[in-house]
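Asker: only geometry, no sequence info:
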């Protein structure tokens, strides 16, 4: 796929920098692939759009406070952005770093009285390996870090973001960006699922910073996809297999769930591992039947996935209508349900 096909004009004012007043209050564009129609609704009514007996799959990853600000021994400011743990106890991490002068191995960064980070290595691409000096790494990151809002929001995180940039079913820490479709699901929507006999299960994909990585090549086939860790628990595998056998639709809440389920179905890592699956038009979906997703950045692999699922022309028409109808875009924006 040519990357130019993933481009579209987006007025700057349509990029959502704050969440809607209510978690389930966003608008929801509804695409019907069977007849090519587009309708408009609210996420609050999502359960009414999903067939009774369907299986909804969510991503239960938990966003960590990955951005940590500290100081060198000389007092100079340093910002570290944690990417993923290297060891089992989360004391060593890969990270991005930013300072007024190049960051070199051996640098000690003091974030607080309870957390220091030492740079132990730096690879050819500038990715750091840092070691945390603290009593309990996960607690120290939570206490000293900031919510890693996407760069396009162009603002500092607030106390509200600590709750709203996190899904209500988030359990397993490790993501440095939210699985944004899941942000729309409130306890009220989850109760609606149960009332309509819509089953819900969870898988995990720890969303990495690469989710915002722009495509810099002309042909998507040449794009090097970032790797993210995922897991499909045994109970989820059983529920999905049964739903497919019985002809009940599987509904993915977000592109991270799509990539997780399709990676599992491809069988390279049957239940857990890293995935670098790139989904673009022409891909044959094996598991997912319906998809709730947000409106994605131009020239992104996420938009390519949506075009693969909805059809390139249909997706392009939907995005044009979303701009005309003044939908809100990206992480805190409105949603699209593709049936």
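Answerer: Arrived safely, thanks for sending. What you are looking at is a predicted structure, and each value in this text was computed from that prediction instead of being measured. Residues are numbered from 1 along each chain as shown.
Asker: for the spatially most central residue of the chain, what are its contacts?
Answerer: Closest to where the C-alpha atoms of the chain average out (C-alpha atoms, centre = their mean) is residue 179, at 3.1 Å. Counting by C-beta atoms under 8 Å, 6 or more residues apart in numbering, residue 179 touches 59, 61, 167, 205, 207, 253, 254, 256, 257. From N, CA and C alone the C-beta is placed, and that goes for glycine too.
Asker: Closest one of the residues you listed to residue 337?
Answerer: residue 253 (10.1 Å; C-beta to C-beta).
Asker: who's in contact with the nearest residue to residue 270 once chain neighbours are set aside?
Answerer: Nearest residue to residue 270, sequence neighbours excluded (C-beta to C-beta, 6 or more residues apart in numbering): residue 264, at 6.6 Å. Contact analysis of residue 264 by C-beta under 8 Å, 6+ apart lists 203, 230, 232, 237, 270, 271, 287.
Asker: What remains of those if I keep only buried residues?
Answerer: Neighbour counting by 16 or more other C-beta atoms under 10 Å classes 203, 230, 232, 237, 287 among those as buried.
Asker: shouldn't residue 249 be in contact with residue 49?
Answerer: No: using C-beta atoms under 8 Å, residue 249 is not in contact with residue 49, being 11.3 Å away.
Asker: The contacts of residue 179: which two are farthest apart?
Answerer: Farthest pair in the contacts of residue 179, by C-beta to C-beta: 207 and 253, 13.2 Å.
Asker: anything in contact with each of those two?
Answerer: With C-beta under 8 Å, 6+ apart as the test, residue 207 and residue 253 both reach 59, 179.
Asker: neighbour count winner among those two?
Answerer: Remark: of residue 207 and residue 253, residue 253 carries more neighbours, 28 against 25, as counted by other C-beta atoms under 10 Å.
Asker: and the more buried one, what does it touch?
Answerer: 56, 57, 58, 59, 179, 181, 182, 185, 292.
Asker: can you put those residues in TSV and add pLDDT, distance to residue 107 and secondary structure?
Answerer: Below are the contacts of residue 253 laid out as TSV (pLDDT from 0 to 100; distance: C-beta to C-beta, whole Å; DSSP: H, G, I helix; E, B strand; the rest coil):
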residue	pLDDT	distance to residue 107	secondary structure
56	98	46	strand
57	98	42	strand
58	98	39	strand
59	98	35	strand
179	97	33	coil
181	98	38	helix
182	98	36	helix
185	98	41	coil
292	98	43	strand
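Asker: for the stretch 1-150 of the chain, what spans make up the strands?
Answerer: 27-32, 37-42, 55-59, 61-63, 67-71, 77-85, 92-99, 108-112, 115-122, 128-133 (DSSP state E, counting those that start in this stretch).
Asker: between the ones you listed, which one is nearest to residue 195?
Answerer: Using C-beta to C-beta, these put strand 55-59 closest to residue 195, at 13.1 Å.
Asker: any idea how far that closest one is from the chain center?
Answerer: 14 Å (C-alpha atoms, centre = their mean, to the nearest Å).
Asker: Identify all contacting residues around the helix or strand bottoming out on mean pLDDT in the chain.
Answerer: The helix or strand of the chain with the poorest confidence is strand 272-275; it has a mean of 91 (mean pLDDT, DSSP states H and E). Applying C-beta under 8 Å, 6+ apart, the external contacts of strand 272-275 come out as 205, 227, 228, 229, 230, 231, 232, 259, 260, 263, 269.
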